[in-house]
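>>> Curious how this folds, go ahead:
(chains A and B)
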Amino acid sequence: ETGVTQSPTHLIKTRGQQVTLRCSSQSGHNTVSWYQQALGQGPQFIFQYYREEENGRGNFPPRFSGLQFPNYSSELNVNALELDDSALYLCASSLRELNTIYFGEGSWLTVV
Amino acid sequence: GQNIDQPTEMTATEGAIVQINCTYQTSGFNGLFWYQQHAGEAPTFLSYNVLDGLEEKGRFSSFLSRSKGYSYLLLKELQMKDSASYLCAVNPPTDSWGKLQFGAGTQVVVTP
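Modelled structure (predicted):
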């Protein structure tokens, strides 16, 4: 049990639609990172939020956006969904001072 | 950026030992994580090495050599439940802390 919770667990969307995924970080963790994991691959870094500000972004287009709230929970939004967006989306919660990074259970997104 | 290599698959019998190697080429480095991931689940934290040497945690040990860009995860007294993918992830320098770069994962198959 990592204390990181994500919702929804599974969802199916149609190409062109928009989706919002949510993450509640472990208590006290002020940094949240989002990753995309395609089948058979390692997770790919999307972006990170630190104290409500975006703090770095991977090689993902602008239609991937996010937010972090004062309680450090976070959202990942994806617009204009494409078939290749089908993947497991992982939220990672961390506190730099503790050298720990914990993942939530993930949200499985299928785009049809 | 980072180039992280690990074997695709390894097979071993119950009770045996398996060593999973990970090599990386880095433009900056602030530690290396190992995660275990069962099919359809989120990665589970196993270890974090930032200094050279061996860290032991029960049946699992992790080793790091920064000068060689090399790490390994050692799994002893293998159990069937150890069948999973093992992910090596490099932690970038301090100003990019927590934006992990993952290898593709090593699928370990434990046979009776």
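>>> for the chain, what helix or strand is lowest in average pLDDT?
Let's take chain A. Taking mean pLDDT, DSSP states H and E as the measure, the helix or strand of chain A with the lowest value is strand A:100-103, at a mean of 88.
>>> Could I get the CA-only coordinates of that one as CSV?
The C-alpha atoms that make up strand A:100-103 are tabulated as CSV, following Å, rounded to 0.1, in the frame of the first residue of the first chain:
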residue,chain,number,x,y,z
THR,A,100,11.3,7.8,-2.2
ILE,A,101,9.0,7.7,-5.2
TYR,A,102,5.8,5.7,-4.9
PHE,A,103,3.3,4.8,-7.7
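>>> which neighbours does that strand have in its sheet, and in what orientation?
strand A:87-95 (antiparallel) (DSSP bridges).
>>> Report the distance from the partner strand to the chain centre.
Centroid separation for strand A:87-95 versus its chain: 5 Å, with Cα atoms, centre = their mean, to the nearest Å.
>>> can you list contacts of that strand?
Here strand A:87-95 makes contact (Cβ atoms under 8 Å, 6 or more residues apart in numbering or on different chains) with A:2-4, A:6, A:21, A:23, A:25-26, A:28-39, A:43, A:72, A:74, A:76, A:100-104, A:106-109, B:42-43, B:98, B:100. Using the backbone N, CA and C atoms, a C-beta is placed for each residue, glycine as well.
>>> and what of stretch B:31-46?
Under the criterion Cβ under 8 Å, 6+ apart, residues A:2, A:43, A:90, A:99-106, B:22, B:24, B:47-50, B:57, B:60, B:62, B:64, B:71, B:73, B:84-91, B:100, B:105 lie in contact with stretch B:31-46.
>>> mind running it again at 6 Å?
Stretch B:31-46 has contacts (Cβ atoms under 6 Å, 6 or more residues apart in numbering or on different chains) with A:103-106, B:47-50, B:60, B:62, B:64, B:71, B:73, B:84-87, B:89-91.
>>> Check the average confidence over that stretch, would you?
Model confidence over stretch B:31-46, given as mean pLDDT, is 93.
>>> same thing with stretch A:13-32?
pLDDT averaged over stretch A:13-32 equals 92, rounded to a whole number.
>>> do the same with stretch B:92-100
pLDDT averaged over stretch B:92-100 equals 78, rounded to a whole number.
>>> now do stretch A:62-75
The predicted model gives stretch A:62-75 an average pLDDT of 94.
>>> The residue of chain A found nearest chain B: what's its closest spatial neighbour, skipping adjacent residues?
Among all residues of chain A, residue A:42 sits closest to chain B, at 3.3 Å; criterion: Cβ to the nearest Cβ. If you skip the residues right next to it in sequence, residue A:42 has residue B:102 as its closest partner in space, 3.3 Å away by Cβ to Cβ, 6 or more residues apart in numbering or on different chains.
>>> correct me, but that neighbour touches residue B:89?
Yes: with contact defined as Cβ atoms under 6 Å, residue B:102 counts as touching residue B:89 (4.6 Å).
>>> coming back round to it: touching, the residue of chain A closest to chain B and residue B:107? I think so.
No: because the distance of 11.7 Å does not satisfy Cβ under 6 Å, residue A:42 is recorded as not touching residue B:107.
>>> With neighbour numbers in mind, choose between these two.
Regarding residue A:42 and residue B:107, a neighbour count based on other Cβ atoms under 10 Å in any protein chain shown identifies residue A:42 as having more, with 22 against 17.
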